[in-house]
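Quick one: sequence plus predicted model below, questions after.
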Amino acid sequence: MDVIGFLPQVLPDAGETGGEDEAFADVARTHRLDWEGGRIQGFAEGFTALCQRVQKRILTAAGVFSIYGEAYGFFYQDLIGGDMDIAKSELNRRLRESLLQDGEIAALEAISFAEDGDGLHVSVTLRGKGAEEAVLEGRLQGL
């Protein structure tokens, strides 16, 4: 099974871990994942932690890992090999449904797709409750 290669295009500075916007005051401190290095390094809080949660939700195949439960994660494998326009529409719906479960996301400002060989380039612009914004980009393989 292909894995979603979702890495941030724009992500808050890793050093931004203290004194962040009050909208994230109740967000738990979490280990910071170094996606490129494949390591856990330090801690993330606030909007940085929110962006990391979004990435992790998209990277986790829904319904596969019992530790997360059935609703957590993202499922797109059933769209492989089908009509691309239908796949884009369904992916848009599924991304919104999955990501908006996180109460710290105020809005998904934009979700866009661009066909890329046997995959699809995906860009998601999200806005946190404190009006922070980030663009996460990646590629869904096998579509």
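Looks like it arrived, so ask away.

And the strands in this protein?
Using DSSP state E, the strands of the chain run over 5-10, 30-34, 39-44, 105-116, 119-128, 133-141.

Now do the last one: which elements does it pack against?
Of the remaining helices and strands, those touching strand 133-141 by 3 or more C-beta pairs under 8 Å, 6 or more residues apart in numbering; DSSP states H and E are strand 5-10, helix 46-59, strand 119-128. (C-beta placed from N, C-alpha, C; glycine too.)

now these in CSV, with distance to Leu79?
Output for these, formatted as CSV (distance: least, C-beta to C-beta, whole Å):
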stretch, distance to Leu79
strand 5-10, 16
helix 46-59, 14
strand 119-128, 9
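
and these, which is most packed in?
Stretch with highest mean neighbour count among these: helix 46-59 (a mean of 21; mean count of other C-beta atoms under 10 Å).

any idea which helix is longest in the protein?
helix 84-99 (DSSP state H).

pull the helix or strand with minimum mean pLDDT from the chain.
strand 5-10 (a mean of 45; mean pLDDT, DSSP states H and E).

Let me know which of the strands of the chain is the nearest to Asp78.
strand 133-141 (12.5 Å; C-beta to C-beta).

between that closest one and helix 46-59, how many degrees?
20 degrees (axes from the mean of the first three to the mean of the last three C-alpha atoms, to 10 degrees).

Tell me how far strand 133-141 lies from the chain's centre.
Centroid separation between strand 133-141 and its chain, computed with C-alpha atoms, centre = their mean, to the nearest Å, is 7 Å.

ok, residues contacting the longest helix of the chain?
For helix 84-99, the external contacting residues (C-beta atoms under 8 Å, 6 or more residues apart in numbering) are 54, 57-58, 62, 73-76, 79, 105, 108, 111, 113, 115, 120, 122, 124, 126, 140, 143.
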